[in-house]
Structure formats: structure tokens, C-alpha cells
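J.: structure for this input, please:
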Amino acid sequence: QVQLVESGGGLVQPGGSLRISCVASGFRLAAHVAGWFRQAPGKEREWVSCMTYNGGSTEYSDSVKGRFTITRDIAKNTVYLQMNDLRPEDTAVYYCAADLRSFGCSSNGASYDYWGQGTQVTVSS
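T.: Numbers count the residues shown, from 1 in each chain. Sure, this is the predicted structure:
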């Protein structure tokens, strides 16, 4: 059974840091594209970052570039999103997703086959 489970969300002050995790089961995450998306209340889902199937390339949206870093631990079948210098506008539910059909990153959510349930990140003083 293919499953993605996020964790690590929470409340953090502006300027703070947080690392969220996504554990995959039922397939090898290292063999596929992994992505992070987010959705704030009243807004459309927004692509945040992705990593190619071999981990050789990562991409970021302009809104998080330089502040967020996507990494993975092959042994733990887990992908992470390290978020630094967090801002109130980063507040959202964060979702990880896996694309089992492609090799390159995509910012299009329709390219992804499996999604996690999401983890809430709130940036507020």
C-alpha cells in the first residue's frame, strides 16, 4: 500500500526555522520524484519544491528560494523540507507528493500520483 505521511509541523515565530518530514511506504522514494506543496486558507494549492528521482536536482518556487531546502534520507525512505527565515505568509498546510511516472521535477500538481495528508505550519508571533 502506497502511503505518504507528513509530520513536524507546528507554530513558529517569524524568522524561525522548522523541518517537516514525509515518510513513504509501499515504494522507494529514492526512485521517484518527490515534491512539496502548500495551501493557505482561501488560496489555491501552491508548489514549493521538488527533487528529481535520483536526487541530482532540486527546484524551488521564487517565494521560498534561498530559505527552504529539500533533502532526503534514502535509508529512511523520507523526504524533508527545511524551512528557515519563516514568514507569516508561509503559513499553510504543507503536503508532500510523489510522482511515480516522471524523472524530472514538476510544479504541476497533476503530475503527482500520491499525496500525504498534510501538516500545518503556522508562522506567528
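
J.: report the central residue of the protein.
T.: Nearest to the mean C-alpha position of the chain, by CA atoms, centre = their mean, lies W36 at 2.5 Å.

J.: ok, that one touching Y94?
T.: Yes - between W36 and Y94 there is a contact under CB atoms under 8 Å: 6.2 Å. Every residue, glycine included, has its C-beta placed from N, CA and C.

J.: spit out the residues that contact the two alike.
T.: With contacts taken as CB atoms under 8 Å, 6 or more residues apart in numbering, W36 and Y94 have 48, 81 as neighbours in common.

J.: on that earlier part again, so what does the host helix or strand of the residue nearest to the centre of the chain touch, helix or strand wise?
T.: Following DSSP states H and E, one finds W36 within strand 33-39. Applying 3 or more CB pairs under 8 Å, 6 or more residues apart in numbering; DSSP states H and E, we find strand 33-39 packed against strand 46-51, strand 68-73, strand 78-83, strand 92-99.

J.: just want the angle from that strand to strand 46-51.
T.: Strand 33-39 runs at 160 degrees relative to strand 46-51, counting by axes from the mean of the first three to the mean of the last three CA atoms, to 10 degrees.

J.: could I get the buried residue list for strand 33-39?
T.: Residues of strand 33-39 classed as buried: 33-38 (neighbour count, 16 or more other CB atoms under 10 Å).

J.: mind listing the residues bridging to the residue nearest to the centre of the chain?
T.: Applying DSSP bridges to W36 gives these bridge partners: S49, C96.

J.: contact partners for it?
T.: Applying CB under 8 Å, 6+ apart, we find W36 in contact with 22, 47-50, 70, 79, 81, 94-97.
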